[in-house]
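**Student:** next one to model:
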Amino acid sequence: MNKTSILAELKSWLKESDLVDPELYNTHLKKISIGEINNTIYICGRSKFELLELSKIKKDIVAFLNKLLNKENEVVFASVEEFQKIEESSKKTKKIKLNIKKLNEKTFENFVVGKCNEQAFRASINIINEPGTKYNPLFIYGPSGLGKTHLLESIKLKYEAQYEGIDVRYFTVNQIKERVKNIFHGTQKKESVEDFKNELKDLDVLLIDDIQLLKGGEKTSEIFFDVFNDLITNGKQIVITSDNAPTQLLGLDRRIVSRFTSGLIIKIDNLDIETTKKLINVYAKKYNINTLSPNMLTKISNSIKNDVREINGLFMKLEFWNQNVTEETIEELITQSGIKIFGETTQNKIIEIVAKHYDLTSAILKSNNRTQKVVQSRNVCIYLIKDVLGKSTTDIEIFFKKNRTTISASINTVIAKMSESKEFKREITVLKKKIKESE
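**Tutor:** Sure thing, here's the model as predicted:
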């Protein structure tokens, strides 16, 4: 409601109200004006007498305006001259609007590339020049906190910078679920299912984050399936991220999973040691921490394995407390953050614990022995090294002298068996406890 409408309603109410004498209204209050500065409503009179009469019923005026505008309002009575001075002063006050998005902008240029993510990075770059035709859909998966969302935001910014008028949208699955929920259950149904579908189908590029959260949303799944097919058919680019591989997405419509597997599937591994060190140097520079010794770098990289956010949080704390950066400071802040310190646990230590648990030797687990008991125990070793130490698949390949397919198969075998057998899952939990106690 604009100022003219508010003033008209206020005058009408004053005229008809028992609070104001008709002669007083016609002689004086009829000529009041209204203004607004910084969400404060100013009711302006031409004389002190008018302001005095208005102030007598201020509570009633405020109550009327609150009801009219459906919100709480701050109301001030002022002369026309006073209001003009206040208005002029407010125009001179410069306000700085922070562009928060700009401050936290995620681009290809500030994405730290290493062995663990280089394939996902390369695929993301490649789809920029050939949207909808190169790799479609592009499915990137891996644990949380390793840069999947960063890549999606980078793709969006790059498309918008390179193609005039391109329609690129980024959604989390929860955002889509919320839209669908409002369509079916909202108190004000402003859009239909078809409206929402058409909005998505008109896009040139659709970016979806956290697709694993789609499980259980039957209506959302139906909408997504329809939109997905339409976009692919019409050569529109789709990029999807997930914590899990398509075949491990439990509770999702199998038709959707099948569509995911028709494109390029890329995994982001847990941080390898070299990528971790690169990230540490990037964040140290960002927060002006310039005194990291080689020992400190090693301590941090051995402690933070699986989440870029943990590295950012650590250096944010160092900057905030203006700490003298020593090895003791680093260790204390890591402990305060609840980050597990893995510096004393090695791959050999895990193999030793697993071998003892299954009454085998460490040497036989590292050999090429293919007996069933050894293979199963070796699979457990590989899984625990990946899960507990956060080693990349490449690191494990080198350590066991096996190829990537074999290492991935070992990990997936253990994951599948844990989901099938509660007893086996408890066994893995016991082994993890033993590893922790060995540190």
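**Student:** run through this protein and note the low-pLDDT ranges.
**Tutor:** 92-104, 186-189, 305-306, 321-325, 327, 329-345, 438-439 (pLDDT under 70).
**Student:** walk me through the domains of it.
**Tutor:** Residue ranges for the domains of the chain, per automatic domain parsing: 3-92, 118-267, 273-336, 347-438.
**Student:** CSV for the ones you listed, including distance to residue 107 and mean neighbour count?
**Tutor:** In short, each C-beta sits where N, CA and C put it, glycine included. Below are these laid out as CSV (distance: least, Cβ to Cβ, whole Å; neighbours: other Cβ atoms under 10 Å):
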stretch, distance to residue 107, mean neighbour count
domain 3-92, 36, 14
domain 118-267, 5, 17
domain 273-336, 13, 16
domain 347-438, 24, 17
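**Student:** dump these into a markdown table; add distance to residue 106 as well.
**Tutor:** Putting the domains of the chain into a markdown table (distance: least, Cβ to Cβ, whole Å) gives the following:
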| stretch | distance to residue 106 |
| --- | --- |
| domain 3-92 | 34 |
| domain 118-267 | 4 |
| domain 273-336 | 11 |
| domain 347-438 | 22 |
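**Student:** residue 105 is nearest to which of those?
**Tutor:** domain 118-267 (7.1 Å; Cβ to Cβ).
**Student:** compute the first-to-last residue distance for that closest one.
**Tutor:** Domain 118-267 has its terminal residues 10 Å apart, counting by Cα to Cα, to the nearest Å.
**Student:** would you list every one of the strands in the stretch 201-350 of the chain?
**Tutor:** 205-209, 237-242, 264-267 (DSSP state E, counting those that start in this stretch).
**Student:** list the neighbouring strands of the second one plus their orientation.
**Tutor:** Meaning strand 237-242. Strand 237-242 has its sheet partners listed here by DSSP bridges as strand 138-141 (parallel), strand 205-209 (parallel).
**Student:** surely residue 242 touches residue 214?
**Tutor:** No. Shown here, residue 242 and residue 214 do not form a contact pair, counting by Cβ atoms under 8 Å, at 9.2 Å.
**Student:** so what sits against both of those two?
**Tutor:** Common contact partners of residue 242 and residue 214 (Cβ atoms under 8 Å, 6 or more residues apart in numbering): residue 249.
**Student:** now render the strands of the stretch 201-350 of the chain as JSON lines, adding distance to residue 47.
**Tutor:** As requested, these are exported to JSON lines (distance: least, Cβ to Cβ, whole Å):
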{"stretch": "strand 205-209", "distance to residue 47": "61"}
{"stretch": "strand 237-242", "distance to residue 47": "66"}
{"stretch": "strand 264-267", "distance to residue 47": "75"}
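**Student:** for residue 62, find the nearest of those.
**Tutor:** So among these, strand 205-209 is nearest, using Cβ to Cβ, at 45.4 Å.
**Student:** can you pull up the most central residue in the chain?
**Tutor:** residue 149 (6.6 Å; Cα atoms, centre = their mean).
**Student:** contacts only, for it.
**Tutor:** 106, 209, 241.
**Student:** just the helices in the stretch 251-400 of the chain please.
**Tutor:** Ranges of helices within the stretch 251-400 of the chain are 254-260, 273-286, 294-303, 308-321, 327-336, 347-357, 362-365, 372-389, 393-400, based on DSSP state H, counting those that start in this stretch.
**Student:** closest to residue 2 out of these?
**Tutor:** helix 308-321 (44.8 Å).
**Student:** ok, back up a step: next SSE after the helix or strand harbouring the residue nearest to the centre of the chain?
**Tutor:** For residue 149, the host element (DSSP states H and E) is helix 148-162. Using DSSP H and E, the helix or strand that follows helix 148-162 in sequence is strand 168-172.
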